[in-house]
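Participant: here is a sequence together with a model predicted from it:
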Amino acid sequence: AVCTPTRYGLLTGRYCWRTSLKSGVLWGYSPSLIEPGRMTVASLLKSQGYRDADVTHSRETSDGELRIVFAIHRGAPYRIAQIAIDGHSAMTTVELQDGPLKRVRLEEGQPFVQSRLDAAASEIGEDYRRRGYADVKVNASAGAETTPVGEATRPVAVRLTIAEGVRTLVGSVVFDGNRS
C-alpha cells in the first residue's frame, strides 16, 4: 500500500479515492486530504469523552519493507461531574436542564465533549432570544477536577453563566398605507 491512501483510510475509515487524490501520494507540505469536520479516530475518541485522545504514526523500515505504525493514545475518559448554571432568572434550572442541555446531551454523568458544551451555550442563547432577550450572553467553561485515587475517569465541572440583558417585547404593530 502507498503511504497517503493507507493513512487516510486508517484515520478516517474511508477509501482514499473518495478525495481529490485519485492517484499518487502527497508530499510533506501538501494540504491535508482530511476535510474539516471529517470523523477520524482521534475525533471519534474525543466525541466519547477522551479529551486527550491522540493518534500518531511512524514509518519503520525493516528488511526493505516499509511499515506504517499507528499509535492510538486514548487518555483518560472525562465525565461531567456537575453542571452549575448562574445568572438566570427568566428560565428555571429545570427548564434549562430539560430544554437546551438535554437537546445537546449535556448532562451529569455523560462523557464531557467540548463541542456539546459550546452547543449548549448556543442553544441557551437561542431560547433566551426567542423569549425577547436579544442581548443575552452565555459564557461556558469547564475544568477538570482532581481525580479521586484509584479512579480512571476524570471528573469535569461545567459552568454556564448567563447575562440575560433587558427583555424586549413588542407592544403593538400598526400597518399604515394604501386602503382598498
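Facilitator: The structure has been received and is ready for your questions. Residues are numbered from 1 along each chain as shown.

Participant: element containing the most centrally placed residue in the chain?
Facilitator: Closest to where the C-alpha atoms of the chain average out (CA atoms, centre = their mean) is S115, at 2.0 Å. S115 is part of helix 114-130, with elements assigned from DSSP states H and E.

Participant: likewise for I162?
Facilitator: In the assignment (DSSP H and E), I162 maps to strand 154-163.

Participant: buried residues in that strand?
Facilitator: In terms of neighbour count (16 or more other CB atoms under 10 Å), strand 154-163 has its buried residues at R154, P155, V156, V158, L160, I162. Placement of C-beta: from N, CA and C, glycine included.

Participant: name the residues that touch it?
Facilitator: Residues outside strand 154-163 that contact it (CB atoms under 8 Å, 6 or more residues apart in numbering): 51, 76-88, 96, 106, 112, 117, 120-121, 124, 128, 136-145, 147-148.

Participant: that older thread, make CSV from the buried residues of strand 154-163 and add distance to R59 and pLDDT to it.
Facilitator: Formatted as CSV, those follow (distance: CB to CB, whole Å; pLDDT from 0 to 100):
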residue, distance to R59, pLDDT
R154, 33, 90
P155, 39, 92
V156, 36, 94
V158, 41, 96
L160, 45, 96
I162, 50, 97
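
Participant: closest to G132 among those?
Facilitator: Distance to G132 across those (CB to CB) is lowest for I162, with 14.4 Å.
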